[in-house]
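Asker: Show me how the following folds:
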Amino acid sequence: MAGTDGRTHATRSGIPVDAVYEPQERAAEAPPGSFPFTRGPYASMYRGRLWTMRQFAGYGTPAETNERFRLLLERGQTGLSVAFDMPTLMGLDPDDPRSLGEVGRCGVAVAGLEDTDTLFAGIPLDEVTVSMTINGPAAWIFACYLAAAERQGVARRDLGGTLQTDIFKEYTAQKEWLFPPRPHLRLIGDLMEFCAAETPRYHPISVSGYHIREAGSTAVQELAFTLADGFAYVELGQGRGLDVDVFAPRLSFFFDAHIDLFEEVAKFRAARRLWGRWLRDRYGATTPEAQRLRFHTQTAGVSLTAQQPMNNVVRTTVEALAAVLGGTQSLHTNALDEVLALPTEEAATLALRTQQVIAFETGVPAVADPLGGSYFVEALTDETERQAEALFAQIDAMGDGSMLEGVLRGVESGWFTQRIAEASFEEQRRMESGDLLQVGVNTFEEPGEDALAILEITMATEAAQIAAVERLRATRDADAAAEAIDALVAAAGTDVNLIEPLVDCARAGCTGGEVTVALQRVFGTWRETAAF
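Answerer: Numbering: from 1, shown residues only. A predicted model of the protein is given here:
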């Protein structure tokens, strides 16, 4: 529907928007904390406990990132979220030729246990929850984390936090995998079993819609593809003989908070409703804990602009507000300079202060689901839910009644990639036509803007990490490292749970690159199907 300015009145994702919304006949929604949790996962919401302010951080060497972690904790952050560099995300060591120019650039470089020890030095792992955004090598990094906690004298049962581990979103969006899809699922199943038995406070999977949205999906696609991945992991756990009422509470989610405030709030409300209903009706979850969806949110990196970067403070504030109004359990607010480089200390602090202003000055956290009952928000929640269900039906049909098989076939055929590419193309078309406006980009432009001072990672970081891994190989017990790798390869050829063999590799001083190569000998590698 077009307005007098010629622009289409629709959400950013293309859902048509009426000029005004009137009361509709609808059943009364259950209060927060009650099934299907549309209005929030907990009855008291932020009156009982504020969301965790979990700023994503990591750059350069483990020692440099440790300093940033300490700074953020001193300034009021309440949990850690680790950003790894590209070589670590791809299972490569710093001295691998493919790592050239990337070590420490987009996150911290971690090759093994010694780096992990340095990363968390002086940070009590039984008191501070740790989220780690890593997927392909997630099981290996988790093994290093377990071994580092062991060196601190921290019992596994006392560790709390989240490992992302969502390999499906890698195939559909971020493109950082090490093995074919099915062997990766074997590792995820091993993690689910291990965490259920050994680390009951740790979430082994954070099902991620964030990267799907950043790749160009609509809000509805982000919601539907993310929950479909979650349903697939539920079926994976049940296939391992795990009780859904025991392992489902260990699944968490990670969503994008984009700039269309009301659409984002509706997305979060619909997500809880859908997850609760599917877990109860399809997967047999009987407890509120298993039916309750909890999620972390990050403001939209893709919404930030290099033009007029100070405007990014405003964008991030609106997006953070959407996350809070939508009932998030933890939140990362992007820094104004992240479109250009890793954030400076000043920019990272301002991003944290943005959350603190919302938490302590606005009054928003005093009320659970403050937009609940809005004619517009309720209508948008219902429409988002309806469109997501239509996508679930397509995925379920691809799997002949199995969401796990449907997601796998969607990955292997390129179906998800094609859907996201089409949505991205449509958004770009709207931007170029002026139907979508972005201040400083296609409206209110200002030539000759002053450049920001940004954080620069020098090649000295790469040299230091290469020297560190070379020193490790020269000083470790080479025979013990080789034996640990051989034991891992032997176990990978069986159905033995691989987490303990990976911990043994960490203790023996093996590196991530060595572990990746060893497992690829058993699992192979994978090239995606091109889809346009």
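
Asker: hey, which strand is longest across this structure?
Answerer: strand 251-257 (DSSP state E).

Asker: Output it in PDB with nothing but the alpha carbons.
Answerer: Output in PDB follows, covering the C-alpha atoms of strand 251-257 (Å, rounded to 0.1, in the frame of the first residue of the first chain):
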ATOM      1  CA  LEU A 251      18.900 -24.900  24.100                       C
ATOM      2  CA  SER A 252      19.100 -21.100  23.800                       C
ATOM      3  CA  PHE A 253      18.600 -18.800  20.800                       C
ATOM      4  CA  PHE A 254      20.400 -15.800  19.300                       C
ATOM      5  CA  PHE A 255      18.400 -13.200  17.300                       C
ATOM      6  CA  ASP A 256      19.200 -10.000  15.500                       C
ATOM      7  CA  ALA A 257      17.500  -6.800  16.600                       C
END
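
Asker: Quick check: neighbours of that strand in the sheet, parallel or antiparallel?
Answerer: If you go by DSSP bridges, strand 251-257 pairs up with strand 205-208 (parallel), strand 295-299 (parallel).

Asker: List of residues touching the helix or strand just after the longest one?
Answerer: Scanning the chain past strand 295-299 towards its C-terminal end, the next helix or strand to appear is helix 311-325 (assignment: DSSP states H and E). Counting by CB atoms under 8 Å, 6 or more residues apart in numbering, helix 311-325 makes contact with 46, 51, 255, 257-259, 261, 264-265, 268, 297, 299-300, 303-305, 331, 333-339, 350-351, 354-355, 358-359, 362, 364-365, 370-371, 439-440, all of which sit outside it. Every C-beta, even on glycine, is put in place using the N, C-alpha and C of the backbone.

Asker: got a list of contacts for the helix ranked longest in the chain?
Answerer: In the chain, taking DSSP state H as the definition, the longest helix is helix 375-398. With CB under 8 Å, 6+ apart as the test, helix 375-398 has contacts from 11, 15, 21-24, 26, 38, 219-221, 223-225, 227-228, 231, 262-263, 265-267, 269-270, 273-274, 371-372, 402-403, 405-407, 409-410, 413, 415.

Asker: Equivalent analysis for stretch 117-129, please.
Answerer: So stretch 117-129 is contacted by 52, 54, 61-63, 65-66, 69-70, 73, 79-80, 82, 108, 110, 130, 145, 148-149, 151-152, 154-155, 158-162 (CB under 8 Å, 6+ apart).

Asker: now, which of those lie within strands?
Answerer: Among these, DSSP E puts 52, 80, 82, 130, 161-162 in strands.

Asker: Skipping adjacent residues, who's closest to residue 179 in space?
Answerer: residue 523 (4.1 Å; CB to CB, 6 or more residues apart in numbering).

Asker: just checking, the one you found touches residue 185?
Answerer: No - Residue 523 is not in contact with residue 185 according to CB atoms under 8 Å; the separation is 10.8 Å.

Asker: In TSV, list the strands paired with strand 251-257 along with distance to residue 198.
Answerer: Listed next are these as TSV, based on distance: least, CB to CB, whole Å:
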stretch	distance to residue 198
strand 205-208	15
strand 295-299	23
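
Asker: Now do the strands in the stretch 351-500 of the chain.
Answerer: Applying DSSP state E, counting those that start in this stretch to the stretch 351-500 of the chain gives no strands.

Asker: Let me see the ranges of the helices in it.
Answerer: With DSSP state H, counting those that start in this stretch as the criterion, the stretch 351-500 of the chain has helices at 375-398, 403-413, 415-433, 459-475, 478-492, 499-507.

Asker: which other helices and strands contact the fifth one?
Answerer: Secondary-structure packing of helix 478-492 (3 or more CB pairs under 8 Å, 6 or more residues apart in numbering; DSSP states H and E): helix 499-507, helix 512-523.

Asker: And that helix, what's buried?
Answerer: Residues of helix 478-492 classed as buried by neighbour count (16 or more other CB atoms under 10 Å): 481, 484-485, 487-489, 491-492.

Asker: backbone phi and psi for residue 229, please?
Answerer: phi -60, psi -40 (degrees, to the nearest 10).

Asker: That one - how many residues pack around it?
Answerer: By other CB atoms under 10 Å, the residues close to residue 229 number 29.

Asker: Give the full set of residues in contact with it.
Answerer: 166, 168-169, 207, 407.

Asker: quick one: it from residue 416, how far?
Answerer: As judged by CB to CB, to the nearest Å, residue 229 and residue 416 stand 10 Å apart.

Asker: and what of residue 39?
Answerer: Counting by CB to CB, the separation of residue 39 from residue 416 is 30 Å.

Asker: These two - which one has more neighbours?
Answerer: Remark: of residue 39 and residue 416, residue 416 carries more neighbours, 25 against 22, as counted by other CB under 10 Å.

Asker: So the nearest residue to the more buried one once chain neighbours are set aside: helix, strand or coil?
Answerer: In space, not counting the residues next to it along the chain, residue 416 is nearest to residue 172; the distance is 3.9 Å by CB to CB, 6+ apart. Following DSSP: H, G, I helix; E, B strand; the rest coil, the label given to residue 172 is helix.

Asker: Can you give me the neighbour number for residue 172?
Answerer: Number of residues near residue 172 (other CB under 10 Å) recorded here: 27.

Asker: I figured it was touching residue 418, is that so?
Answerer: No - look at residue 172 against residue 418 with CB under 8 Å: they stay out of range, at 10.1 Å.

Asker: lowest average confidence, helix or strand, in the chain?
Answerer: Every helix and strand in the chain was compared by mean pLDDT, DSSP states H and E; the lowest is strand 56-57, with a mean of 74.

Asker: What residues sit buried inside stretch 276-296?
Answerer: 276-280, 283, 285, 288, 290-296.

Asker: Equivalent analysis for stretch 34-53, please.
Answerer: 34, 36-42, 45-46, 50-53.

Asker: now stretch 315-328
Answerer: Applying 16+ other CB under 10 Å to stretch 315-328 flags 315-328 as buried.

Asker: Taking those together, which two end up most distant?
Answerer: By the measure CB to CB, 315 and 327 form the most distant pair in the buried residues of stretch 315-328, at 20.7 Å.
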